[in-house]
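Asks: here's my sequence, what's the structure:
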Amino acid sequence: MRIVIAEDSTILRQGLVELLTFRGHEVVAAVKDAEALREAVTGHTPDVSIVDIRMPPSHTDEGLRAAIALRRELPGCAVLLFSQYVETKYAAQLLADRAGGVGYLLKDRVAEVSDFLDALRRVADGETVLDPEVVSQLFSATRRTDALGGLTPREREVLGLMAEGRSNSAIAAELFLSPGSVEKYVTSIFGKLGLPPSEGDNRRVLAVLRYLES
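Replies: Numbers count the residues shown, from 1 in each chain. Just a heads-up that it's a prediction; the model follows:
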């Protein structure tokens, strides 16, 4: 993969460059601020960008705002947020364009390099990947909303695993259910959230977005 890295910590930025290069990927740019990120992605059109949320000058949301702008300007621009913080409204904004190719991982919770690389590949392939802690806090922030009020506890659990990018078979294994039971839960979730079958929309992504937007 061709990758752009946007991280203001010199040590972490260089560490990512060395790790990804060692694993056979090409880091086309490694920058330390949001403006340089936008220039790098526009100039190099990478397969995926790894972006820290908080970067200079204010260290608040520069990385996120740059990521959102890039995804609006460049359809198909894949972005993996790699942050120390869970920012629920930021995740909602990043997913608001209803497209895949986006991820949100927490730096302190990535225990295995292989897990990080797998998430990066999945985002580059157009999937949505969210850290379970991000998903948990997203649900906590919106658990009283009417949009999800009709879901059963089990359906909420299934939707949470869907938000992590799990397939039906993976959800079945996690919850010790049959694949057929998971399919019934997923179908019920779609129905309760008002998501009819559509050739143009990915209902799994839309189900997560409906929760985030509620």
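Asks: for residue 173, which residues are in contact?
Replies: For residue 173, the contact set (CB atoms under 8 Å, 6 or more residues apart in numbering) is empty. For every residue, glycine as well, the C-beta is placed using N, CA and C.
Asks: what helix or strand is it on?
Replies: Using DSSP states H and E, residue 173 falls within helix 168-175.
Asks: residue 50 too?
Replies: strand 48-51.
Asks: and that strand, which strands flank it?
Replies: strand 2-6 (parallel), strand 79-83 (parallel) (DSSP bridges).
Asks: domain map for the protein?
Replies: 2-130, 143-213 (automatic domain parsing).
Asks: can I get those in TSV with distance to residue 137 and mean pLDDT?
Replies: Putting the domains of the chain into TSV (distance: least, CB to CB, whole Å; pLDDT from 0 to 100) gives the following:
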stretch	distance to residue 137	mean pLDDT
domain 2-130	5	89
domain 143-213	11	81
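Asks: can you pull up the bridge partners for the most centrally placed residue in the chain?
Replies: The residue lying closest to the centre of the chain (CA atoms, centre = their mean) is residue 103, at 2.1 Å. Taking DSSP bridges as the rule, residue 103 bridges to residue 80, residue 129.
Asks: give the contact list for it.
Replies: With CB under 8 Å, 6+ apart, residue 103 has these contacts: 79-81, 119-120, 122-123, 127-130.
Asks: ok, it to residue 125 distance?
Replies: Noted for residue 103: a distance of 11 Å to residue 125, by CB to CB, to the nearest Å.
Asks: if we can go back for a sec, tell me the most buried of the domains of the chain?
Replies: Comparing the domains of the chain on average neighbours per residue, with mean count of other CB atoms under 10 Å, the densest one is domain 2-130 at a mean of 18.
Asks: sorry, back to before: quick one: which of the strands paired with strand 48-51 is nearest residue 20?
Replies: strand 2-6 (5.9 Å; CB to CB).
Asks: from the rest of the structure, what touches the helix or strand following the closest one?
Replies: Stepping forward along the backbone from strand 2-6, the first helix or strand reached (DSSP H and E) is helix 10-22. With contacts defined as CB under 8 Å, 6+ apart, helix 10-22 is touched by 3, 5, 7, 27, 30, 32, 50, 107, 113.
Asks: can you do 10 Å?
Replies: 1, 3, 5-7, 9, 25-27, 29-32, 50, 52, 82, 107, 113, 116-117, 120 (CB atoms under 10 Å, 6 or more residues apart in numbering).
Asks: could you tell me the angle between it and strand 79-83?
Replies: Computed by axes from the mean of the first three to the mean of the last three CA atoms, to 10 degrees, the angle separating helix 10-22 from strand 79-83 equals 140 degrees.
Asks: parallel or antiparallel, which strands does the next helix or strand after helix 10-22 pair with?
Replies: Note on helix 10-22: by DSSP H and E, the next helix or strand toward the C-terminus is strand 26-31. Neighbouring strands of strand 26-31 in its sheet, by DSSP bridges, are strand 2-6 (parallel).
Asks: sweet, I'm off.
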